[in-house]
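Enquirer: Provided below are the primary sequence and the corresponding predicted coordinates.
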Amino acid sequence: MTLPKALITLSAAVFALIGLAYMIAPALMLSVVAIDSTPTSAFLLRTIGVALLCAGGFLWAVRDSSGRQLRLVLIALGGYYVLSSVVDLSAYSESVVGMAAVPSVIIRFAVGGICLIVATRLT
């Protein structure tokens, strides 16, 4: 398996699993980063879960792509990972989320950087 395909396949699985978790157990998922669940936050997390689950399906569908399409998917993934890390880091700096968010920020930032680097090196 090539690195681009591995990045997309892994992302598809992670998006789908997290999307399902957000839909099924939003309070548990919020508790990981020390946020209390409310009916509004549970609704919003379930809505995000639907989007992530669908995004996982889209990523799975394009995992065998090549050329321009593969580059675009990797750039989009890189942008998602980096920007979501910035949002989470901001939430951490404002004490919205707990320390448990920091490892996720670091991992997603690194994976996002790898996606962007791989995208620029595709021929």
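Expert: Ah, there it is. Quantities reported herein were computed from a predicted structural model and do not represent experimental measurements.

Enquirer: tell me the pLDDT at residue 85?
Expert: For residue 85, the pLDDT comes out at 96.

Enquirer: which helices and strands sit right next to the helix or strand hosting it?
Expert: In this structure, residue 85 sits in helix 67-93 according to DSSP states H and E. With contacts taken as 3 or more C-beta pairs under 8 Å, 6 or more residues apart in numbering; DSSP states H and E, helix 67-93 sits against helix 3-24, helix 39-62, helix 101-121. C-beta coordinates here come from the backbone N, C-alpha and C atoms, glycine included.

Enquirer: give me the mean pLDDT for the longest one.
Expert: Predicted confidence along helix 39-62 averages 96 (mean pLDDT).

Enquirer: what's the answer for the first one, then?
Expert: Regarding helix 3-24, the rounded mean pLDDT is 97.

Enquirer: repeat for the shortest one
Expert: Regarding helix 101-121, the rounded mean pLDDT is 95.

Enquirer: list the buried ones in it?
Expert: The neighbour-count check on helix 101-121 (16 or more other C-beta atoms under 10 Å) flags 101, 104, 105, 108, 109, 111, 112, 114, 115, 116, 118, 119 as buried.

Enquirer: can you list the residues that contact it?
Expert: With C-beta atoms under 8 Å, 6 or more residues apart in numbering as the test, helix 101-121 has contacts from 3-4, 7, 11, 33, 71, 74-75, 77-82, 84-85, 88-89, 91-92.
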